[in-house]
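> need a 3D model of the sequence below.
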Amino acid sequence: MVVWKTHSTEPTAEVVEHMLGCLSLAAETRFGETEFHLDTNMRQIPDHWHAHARDSDWFAQRMQRPMSRFTGVGSDRVERPLP
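Predicted structure coming up:
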């Protein structure tokens, strides 16, 4: 995930390009070159520009597996126990 430090929803095209480039590099390390997509839909925080790199099965699996935490590029995915 990348978040624009400025509290606004309209970064310049150059800023967006830079942030998405950095996010793509991290996502390639995490998911592989073609196993992700960039999601710029600001669903839950609509007043602060941000984007997510999602694994290719994110939408289909989001309710079928426990939530996970990811502590950094290169670390393993850790699933949280179901309540």
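> got any ranges where the chain has weak pLDDT?
58-83 (pLDDT under 70).
> give me the longest strand you can find in it.
When secondary structure is assigned using DSSP state E, the longest strand within the chain turns out to be strand 50-55.
> in its sheet, what does it sit against?
Sheet pairing of strand 50-55 (DSSP bridges) gives strand 2-3 (antiparallel), strand 36-39 (antiparallel).
> turn these into a markdown table, including distance to Thr12.
C-beta coordinates here come from the backbone N, C-alpha and C atoms, glycine included. Supplementary listing: the strands paired with strand 50-55 in a markdown table, determined by distance: least, CB to CB, whole Å:
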| stretch | distance to Thr12 |
| --- | --- |
| strand 2-3 | 15 |
| strand 36-39 | 18 |
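> nearest to Ala27, of those strands?
When the strands paired with strand 50-55 are compared for distance to Ala27 using CB to CB, the nearest one is strand 36-39, at 4.5 Å.
> what's the neighbour count on the residue nearest to Ala53 when sequence neighbours are not counted?
Closest residue in space to Ala53, ignoring its immediate chain neighbours: Ala27 at 3.4 Å, by CB to CB, 6 or more residues apart in numbering. Ala27 is flanked by 22 other residues according to other CB atoms under 10 Å.
> and Ala27, what element?
Take DSSP states H and E as the rule and Ala27 turns out to sit in helix 13-31.
> give me the buried positions along that helix.
Along helix 13-31, these residues count as buried under the neighbour rule (16 or more other CB atoms under 10 Å): Val16, Met19, Leu20, Leu23, Ser24, Ala26, Ala27, Arg30, Phe31.
> quick check: angle from it to strand 50-55?
Per axes from the mean of the first three to the mean of the last three CA atoms, to 10 degrees, the angle that helix 13-31 makes with strand 50-55 is 30 degrees.
> contact partners of helix 13-31?
By CB atoms under 8 Å, 6 or more residues apart in numbering, the residues outside helix 13-31 that reach it are 1-2, 4, 11, 36, 38, 40, 49, 51, 53, 55-56, 70, 73-74.
> apply 6 Å and report the result again.
Helix 13-31 is contacted from outside by Val2, Phe36, Leu38, Ala51, Ala53, Asp55, Val73, using CB atoms under 6 Å, 6 or more residues apart in numbering.
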